[in-house]
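K.L.:
Sharing a model prediction with you, sequence too.
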Amino acid sequence: MPAELKSTSHGMTMVLTLSNPEQHNALGPAIYAAGVEALGVAEGNPEIRSVVIVGEGRLFSAGGDLHRLRANRQEPAAVQSANVEALHSWIDDIRTFPKPVIAVVEGAAAGAGFSLALACDMVVAARNAVFSMAYSNIGLSPDGGASWSLAQNLPRPLATEMLMLGDRLPADRLHALGLVNRLAEPGQALEEALALAERLNAMAPNALTSIKELLGEAMQNSLHRQLAAEHGHFLKNLFHENAGLGINAFLEKKTPKFV
């Protein structure tokens with residue numbers, strides 16, 4: 001069966017399923033293109049307030065397809081360059097997508113699969129899940145933003161260890177390091193993620209968009225520039241309809257229904 005990215009709906013959440021079971025949900029150009037397209041659809045649909053990315057079957061993703069990579073070594077470098085650019089377009093779209101994206105990891109997330117999970121806003125993992133930056137084990141350096149994600153979130157020695165040694169890391173260690181948000185019992189990670197998505201779906205979408213943008217900007221901003229960014233977002237959101245709904249509901253001890 002060809003690799004594909006399946007899209008389904010669960011309430012106001014779009015669920016994207018990595019489906020390449022014969023190759024352990026290995027990633028490839030067809031999935032990257034479908035991912036970019038799906039996020040474009042979700043961004044333009046106000047009925048979709050969050051996205052969940054999950055792997056089909058018992059694992060998240062083994063990363064890149066090594067058979068394809070071996071074949072590409074016999075092709076001009078431009079062939080593999082285009083494939084990496086396609087992956088990076090999807091990763092960049094996830095980071096700049098104005099709605100929350102949650103990765104659901106059962107089984108293993110290796111190589112580019114691990115990179116993909118790190119690109120999401122939150123990660124829910126089964127307690128027995130394992131993660132590996134497996135690139136160095138086959139003589140490769142990382143892609144999919146792995147070096148950026150780890151450098152932004154971990155001390156340099158830990159990021160170096162993960163990338164250089166490529167060890168299999170249990171979910172509980174990544175949870176302790178802050179790279180995994182929630183741990184779930186095996187087989188229950190998707191259910192846990194959907195419950196988390198429902199909580200996010202009930203929040204004011206404009207406020208969540210601002211929070212995601214501010215967090216992205218904070219990584220390169222000085223405090224002065226970040227304060228200015230917060231100033232602009234705060235004013236924009238204060239005069240949005242949702243602030244009126246939220247403030248009134250709080251003062252009246254009711255649950256707000258944001259638009």
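P.N.:
Yep, it's here.
K.L.:
Straight-line length of stretch 18-25, end to end?
P.N.:
For stretch 18-25, the separation between the terminal residues is 6 Å (Cα to Cα, to the nearest Å).
K.L.:
Can you give the distance of it from its chain's centre?
P.N.:
In terms of Cα atoms, centre = their mean, to the nearest Å, the centre of stretch 18-25 is found 18 Å from the chain centre.
K.L.:
Around the closest residue to Met219 other than its chain neighbours, how many other residues sit close by?
P.N.:
Nearest non-adjacent residue to Met219, counting by Cβ to Cβ, 6 or more residues apart in numbering: Gln152, 6.0 Å away. The way it works is simple: take the backbone N, C-alpha and C, and place the C-beta from them, glycine included. Neighbours of Gln152 under the rule other Cβ atoms under 10 Å: 11.
K.L.:
by contact count, what packs against the one helix or strand in the chain whose mean pLDDT sits lowest?
P.N.:
Lowest on mean pLDDT, DSSP states H and E among the helices and strands of the chain sits helix 66-72, with a mean of 90. For helix 66-72, the packing partners by 3 or more Cβ pairs under 8 Å, 6 or more residues apart in numbering; DSSP states H and E come out as helix 77-96.
K.L.:
Buried residues in the helix it packs on, which are they?
P.N.:
Neighbour-count burial for helix 77-96, counted by 16 or more other Cβ atoms under 10 Å, picks out 80, 83, 86-88, 90-91, 93-95.
K.L.:
send the alpha carbons of stretch 109-125 over as PDB?
P.N.:
Coordinates of each C-alpha in stretch 109-125 appear next as PDB, following Å, rounded to 0.1, in the frame of the first residue of the first chain:
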ATOM      1  CA  ALA A 109       9.200   7.900  17.100                       C
ATOM      2  CA  ALA A 110      12.600   7.700  15.400                       C
ATOM      3  CA  GLY A 111      14.600  10.000  13.200                       C
ATOM      4  CA  ALA A 112      12.300  12.400  11.300                       C
ATOM      5  CA  GLY A 113       9.400  10.900  13.200                       C
ATOM      6  CA  PHE A 114      10.900  12.300  16.400                       C
ATOM      7  CA  SER A 115      11.600  15.600  14.600                       C
ATOM      8  CA  LEU A 116       8.000  15.700  13.500                       C
ATOM      9  CA  ALA A 117       6.700  15.100  17.100                       C
ATOM     10  CA  LEU A 118       9.000  17.900  18.400                       C
ATOM     11  CA  ALA A 119       7.700  20.300  15.800                       C
ATOM     12  CA  CYS A 120       4.200  20.000  17.300                       C
ATOM     13  CA  ASP A 121       3.000  22.300  20.100                       C
ATOM     14  CA  MET A 122       2.400  19.500  22.500                       C
ATOM     15  CA  VAL A 123       3.200  15.800  22.700                       C
ATOM     16  CA  VAL A 124       1.100  13.000  24.300                       C
ATOM     17  CA  ALA A 125       3.000   9.700  24.600                       C
END
